[in-house]
Every structure is written in structure tokens, then in C-alpha cells.
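K.L.:
just the structure for this:
(one chain, ligands or ions: 2)
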Amino acid sequence: MKELVGTIVAAHGRHYLAEADGEKLQCVTRGKKTNVSVGDIVHLKKTSPDQAVIEKIEERKTLLYRSDQYKSKLLAANITRLFIVIATEPSFADDLVSRALVAAEAAGIEAHLILNKTDVEELLPRARERAALYTNLGYPLHEVSAKRHPEHALATLLPLMQGESSIMIGQSGMGKSSLVNLLVPDADIAVREISAALDTGKHTTTFTRLYHLAGGGSIIDSPGFQEFGLYHLTEGMLERAFVDFRPVLGGCKYYNCRHLAEPQCAVLGAVGEGKIARIRHQLYAQLLHESSQTLY
Ligand SMILES: Nc1nc2c(ncn2[C@@H]2O[C@H](COP(=O)(O)OP(=O)(O)OP(=O)(O)O)[C@@H](O)[C@H]2O)c(=O)[nH]1
Ligand SMILES: [Zn+2]
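P.N.:
Ligands and ions are numbered 1, 2, ... in the order given. Okay, here's the model as predicted:
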């Protein structure tokens, strides 16, 4: 049969759904390979009218992933933008936001923050104050209220996503689903279609999926997660993935400085002067520790 080229639009365990020539095909990999990601461009060989085998993954422009001590988990391939959803309530974790930013920098993906639930006015000043840690680093912040001002939210976000391949991530409860439903009016139908095709049963929200946006572009919605391990990043990748470190890199006394306790370290100097936030440096130290713990 002829070879098809398609895009992976959903992944659930080792089951994948690809879109090729406007059709959806259930796909499997050859052997035990699990290195396929939503967003991957794949070469397929049809095995039945709605099934195929993934023969080849095209070289990725970008790859966003997280990892723990034992293995890495691919989040999205070929994306150009990452949107991190935070909210006035529940309170968001700086640790997760910074980790996602570091992952984006390491993968060469442009990162944006979305502050949702601006209608919760009494908590807005505090949320803005906390978000300033990131806007001061140069990351754009877009304020919206998916519930109270949906048209405004759409008018703010859609232009940022049109023509781009994006992923939206966030802790549970930030309102990511509400935003996806605004951006993709038929998301519910698509999810039901996908979960039927992947046979995911009741676990309809536990898989990553790609939606097409009106006017071009796509958005990947991934399940909320509580941890964002970055064990796969090497020391050299780490220091460069902290945008706030970049201006002083190369200024340390020792060329192989790890910026932890070395004398005349330019990074520690900048922390002392308040030019680098202490909580960012603490995360850096934690990530450095994690990167030395990998077992794969
Ligand atoms: N006040 C207010 N509540 C909102 C807004 N957007 C979403 N919510 C509420 O926040 C809660 C969480 O919203 P979801 O869209 O389910 O959030 P989620 O981030 O996808 O959460 P998970 O499904 O747990 O991953 C729901 O009760 C929403 O109704 C908003 O703009 N303002
Ligand atoms: Zn140093």
C-alpha cells in the first residue's frame, strides 16, 4: 500500500492517532518503540482502512519533554510556542512555572504566560506581583478571564496562536480546559471522537491531543500535571536555559564553574546584588542535582 505522511494528533500510552489526508488513523509503532509524540510528522503504512503502522518519524524542529529519574516523557513535537496558564486562584506553583520555562528555553520554544481568572479581583494584585518574576525576565503575560470575558480572552489569545504550533500547559484548576474550549469550539466532539478511536474508555482527559485552530495554526492540550521533572537537561543546557543567567555567563573565575559555591562566581554575584532572583537560583541548584541523578 502507498505510504502516507500524517501528523500525530493524540497519544494515549502506546496508542496514537494520526491525521493523514483528512482521515484519522489508529497507529502503532513497530516493536516496543514509544518515542512518538503528539505533533510528530510521521510516515505511515496502512494496515486496514483506519489503522496504520508508524514507519518513520520526521526530524523534529523542536521537542518539549519532561523526565524523571527513570525515563523521559515526550510532551509535544514541532511546537513553536508554549503557553503556561496560571490564575488568581488556586495559587500557582512558581516551581512548575519556572521548570516549564526552562524546558521551553532548552528546546528553543518561545514561552508565554496566561493569567486567567482576572475577574477574581481581590486576588489579582497578588497574582500580578507574583507573575512579575517572569515578566521581568521578558516573558509576555496575557491577562484574561475565560468565564467573565470570553470574547476578550479569545481576541487576546487567538492572534498569538494563529499560524503557530502551540501547547498549553497548566496545573489543575487554572482554567486551561475553559480556555481550550473557547479556542476550539468543537473540542468536546473532537475529544469524544479521539477517545473512541483510541479506546481510552472513561479516561478521556488523560491524553494529549492536538486541535486545529480557526484561521490556521494548532494547539496541543496536555493533561494537567503536578510535576515537571527535567532530569534530562545537562549542566551546560541548564545554565543557558535560565535567561536571567545569560548576561553574566562567562564572567565566573573558573571556566567550569557550576554556580553553586565557587569563589568569584558571576551568577552568585548577581544573586547577591538582587539581579537574579534567589528562588530562580534555588531552582537551578535543584535541577543541577536532578540532572546528576538520571538512571538512563
Ligand atoms: N472565576 C473564574 N473561574 C474560572 C475561570 N475560568 C475557569 N474557571 C473555573 O475554574 C475551574 C477550573 O477550570 P477548568 O477549565 O476545568 O480548569 P483546568 O485547568 O482545565 O483544570 P483540570 O481540568 O483540573 O486540569 C472551573 O470551576 C472553572 O469554571 C475564570 O476566568 N474565572
Ligand atoms: Zn559561576
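K.L.:
by proximity to ligand 2, which residue of the stretch 51-200 of the chain wins?
P.N.:
Residue of the stretch 51-200 of the chain nearest ligand 2, by C-beta to the ion: Val102 (17.3 Å). Where you see a C-beta, it was placed from the backbone N, CA and C, and this is true even at glycine.
K.L.:
show me what the host helix or strand of that residue is in contact with.
P.N.:
Counting by DSSP states H and E, the element that carries Val102 is helix 94-107. With contact meaning C-beta atoms under 8 Å, 6 or more residues apart in numbering, helix 94-107 is reached by 62-66, 82, 84, 86, 110-111, 113, 130, 133-134, 137, 139, 169, 171, 226-228, 230, 233, 237-238, 240-243, 279-280, 283, 287.
K.L.:
tell me where the model's unsure across the stretch 1-150 of the chain.
P.N.:
The model of the stretch 1-150 of the chain has pLDDT under 70 over residues 1-2.
K.L.:
at 80 what do you get?
P.N.:
1-3, 13, 31-34 (pLDDT under 80).
K.L.:
quick one, strands of it?
P.N.:
Along the stretch 1-150 of the chain, the segments classed as strands by DSSP state E, counting those that start in this stretch run 3-12, 15-20, 23-29, 41-48, 51-57, 63-67, 72-77, 81-87, 110-116, 141-143.
K.L.:
how about these in CSV, adding mean neighbour count and distance to Leu179?
P.N.:
What follows is the strands of the stretch 1-150 of the chain, written out as CSV (neighbours: other C-beta atoms under 10 Å; distance: least, C-beta to C-beta, whole Å):
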stretch, mean neighbour count, distance to Leu179
strand 3-12, 21, 19
strand 15-20, 20, 22
strand 23-29, 19, 24
strand 41-48, 17, 26
strand 51-57, 17, 29
strand 63-67, 20, 18
strand 72-77, 22, 17
strand 81-87, 25, 7
strand 110-116, 22, 7
strand 141-143, 17, 10
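K.L.:
redo these as JSON lines? Include distance to ligand 1.
P.N.:
Formatted as JSON lines, these follow (distance: least, C-beta to the nearest ligand atom, whole Å):
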{"stretch": "strand 3-12", "distance to ligand 1": "16"}
{"stretch": "strand 15-20", "distance to ligand 1": "21"}
{"stretch": "strand 23-29", "distance to ligand 1": "24"}
{"stretch": "strand 41-48", "distance to ligand 1": "28"}
{"stretch": "strand 51-57", "distance to ligand 1": "28"}
{"stretch": "strand 63-67", "distance to ligand 1": "16"}
{"stretch": "strand 72-77", "distance to ligand 1": "15"}
{"stretch": "strand 81-87", "distance to ligand 1": "6"}
{"stretch": "strand 110-116", "distance to ligand 1": "5"}
{"stretch": "strand 141-143", "distance to ligand 1": "10"}
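K.L.:
which one of those strands lies nearest to Glu193?
P.N.:
Ranking the strands of the stretch 1-150 of the chain by proximity to Glu193 (C-beta to C-beta) places strand 23-29 first, at 7.3 Å.
K.L.:
so what touches that closest one?
P.N.:
Here strand 23-29 makes contact (C-beta under 8 Å, 6+ apart) with 4, 6, 8-9, 14-19, 35-36, 42, 44, 46, 50-54, 193-194, 197-198.
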